[in-house]
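Q: Predicted structure and sequence below. I'll ask about it afterward.
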Amino acid sequence: MIELKTLNKSALREFISSGKYRSDAFIPITKHRAESQIKNPKADEDQTLLILAYEGEKLAGYVGCLPDLFLIQGEKFKYAWLSTLFVSNDFRGKRIAQKLLDKAFEEYNGNIAITEFTPEAESLYNKIKVFKYIPAKTGRRFYLKTDFQNIIPAKKLQLKNLKPIFKFSDFIFNSLISFKNSFQEKPDFKFEILSEIDEESKNFISQFPSNRNADEINWFVKNPWILEGEKSDSDYLFSSYSKEFKYFWIKIFDSQDQLETSAILLLRDGHLKIPYLFSENNLKNFTEFLAYFSQKNKVKLMTSYQTDLNSEIENNGNFPKIHSRNTERRYMFHEKMLNHLPDNFTSNFQDGDGDCALT
């Protein structure tokens with residue numbers, strides 16, 4: 001018989017501090033991700049953060065929930081993102097995933113959202129027929145370096161043995177690209193790179209509509225889900241460590257020394273993302289800064305769903321891209337959540353909404 005156990009902030013804190021989370025064949029959450037979840041400023045004390053499925057004394061699977069909210073006409077609309085879903089192979093065929101999802105739906109009255117799902121997870125969500133797609137975000141993927149050694153073998157497994165040749169090709173091409181980009185000059189306008197949001201930036205971004213404010217952005221910057229390091233939790237099936245995982249808070253000033261653009265950048269193993277961007281309709285300087293930042297930090301790839309920024313980059317002949325293509329981020333809302341939202345509601349998601357800024 002399958003037994004489900006829900007953990008809110010206090011229960012999750014006890015689960016981690018007792019060491020019980022490491023007592024099974026696999027772990028349902030890392031210590032640092034749990035500590036971050038507990039500090040989530042949008043999570044109430046009684047909201048469920050993790051649901052565990054047991055068969056007898058054995059952990060069979062789990063689903064993680066990331067509480068969030070919309071402010072709609074001054075009222076809080078609470079919901080949660082599904083952030084993890086896993087069932088052990090030892091317990092397949094017992095509809096445990098369905099039971100975990102049903103429990104999450106119950107805990108949040110159907111107010112459940114999903115994004116960045118794998119094809120396998122998407123197939124499951126479509127199969128249970130309670131999720132509906134909302135408008136997707138179309139973005140651009142900008143390639144600044146070659147990565148033949150990883151891209152080609154991943155697409156054509158029969159060429160896996162040729163990886164050393166692709167690696168050497170990357171070295172040659174990227175050496176030439178680095179030499180060309182080494183002439184990239186430091187921008188002549190004022191900018192600052194900080195480790196977190198300061199008071200000036202906090203006041204600046206408060207004038208823009210956003211699903212996360214300065215304190216909420218600082219929460220995940222100070223309490224990351226992924227830590228830098230070579231090691232990994234082999235018994236945890238989701239991201240926990242990366243060789244490189246850094247946040248940068250960027251401030252761009254105009255000629256009158258007034259703050260005109262602020263953004264949080266996330267750099268993970270050479271892949272740059274822009275979870276949140278706030279600007280007064282002038283992205284030329286920010287684009288020039290990104291070109292400089294990318295060269296200094298050896299960025300290989302940049303993904304952005306910031307439409308205005310992407311247009312600026314495409315029209316900027318100095319941005320050091322060698323190729324770009326469209327990409328898409330899809331979202332699913334539970335049908336009950338859609339019924340609970342106003343008919344004219346628009347989510348206005350930025351790149352970092354959901355758990356995207358945390359991974």
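A: Noted; the coordinates are in hand.
Q: Any chance you could list what contacts stretch 247-259?
A: 189-198, 200-201, 204, 221, 224, 260-267, 279, 282, 285-286, 289, 293 (Cβ atoms under 8 Å, 6 or more residues apart in numbering). Using the backbone N, CA and C atoms, a C-beta is placed for each residue, glycine as well.
Q: Tell me the buried residues within the residues you listed.
A: Buried members of those, scored by 16 or more other Cβ atoms under 10 Å, are 189, 191, 194, 197-198, 201, 204, 221, 224, 260-267, 279, 285-286, 289, 293.
Q: rewinding a little: filter the contacts of stretch 247-259 down to just the ones in helices.
A: When the contacts of stretch 247-259 are checked against helices (DSSP state H), the matches are 200, 201, 204, 221, 285, 286, 289, 293.
Q: Include distance to residue 172 and pLDDT when you put these into JSON lines, please.
A: Formatted as JSON lines, those follow (distance: Cβ to Cβ, whole Å; pLDDT from 0 to 100):
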{"residue": "200", "distance to residue 172": "45", "pLDDT": "97"}
{"residue": "201", "distance to residue 172": "41", "pLDDT": "98"}
{"residue": "204", "distance to residue 172": "44", "pLDDT": "97"}
{"residue": "221", "distance to residue 172": "37", "pLDDT": "97"}
{"residue": "285", "distance to residue 172": "33", "pLDDT": "95"}
{"residue": "286", "distance to residue 172": "32", "pLDDT": "97"}
{"residue": "289", "distance to residue 172": "29", "pLDDT": "96"}
{"residue": "293", "distance to residue 172": "25", "pLDDT": "96"}
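Q: Name the nearest of these relative to residue 314.
A: The shortest approach to residue 314 among these belongs to residue 286, at 14.3 Å (Cβ to Cβ).
Q: average pLDDT across stretch 47-63?
A: Summarised as a single mean, pLDDT over stretch 47-63 is 96.
Q: List the buried residues in that stretch.
A: Quick answer for stretch 47-63 (16+ other Cβ under 10 Å): 47-55, 59-63.
Q: Could you list which of those belong to strands?
A: Among the buried residues of stretch 47-63, the members found in strands (DSSP state E) are 50, 51, 52, 53, 54, 55, 59, 60, 61, 62, 63.
Q: now for those residues, which pair is the farthest apart?
A: 50 and 55 (17.4 Å).
Q: on that earlier part again, from the buried residues of stretch 47-63, which single one is nearest residue 246?
A: Among the buried residues of stretch 47-63, and counting by Cβ to Cβ, the member closest to residue 246 is residue 49, at 25.6 Å.
Q: The closest one against residue 63, yeah?
A: No - Residue 49 is beyond contact range of residue 63, at 10.3 Å (criterion: Cβ atoms under 8 Å).
Q: so where do the helices sit in the stretch 1-150 of the chain?
A: 9-17, 31-39, 96-107, 119-128, 148-155 (DSSP state H, counting those that start in this stretch).
Q: Next, format those as CSV and append mean neighbour count.
A: As requested, the helices of the stretch 1-150 of the chain are exported to CSV (neighbours: other Cβ atoms under 10 Å):
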stretch, mean neighbour count
helix 9-17, 16
helix 31-39, 19
helix 96-107, 19
helix 119-128, 12
helix 148-155, 14
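Q: between those helices, which gets nearest to residue 246?
A: helix 31-39 (15.3 Å).
Q: now, which of the buried residues of stretch 47-63 sits nearest residue 352?
A: Closest to residue 352, out of all of the buried residues of stretch 47-63 and judged by Cβ to Cβ, is residue 49, at 19.4 Å.
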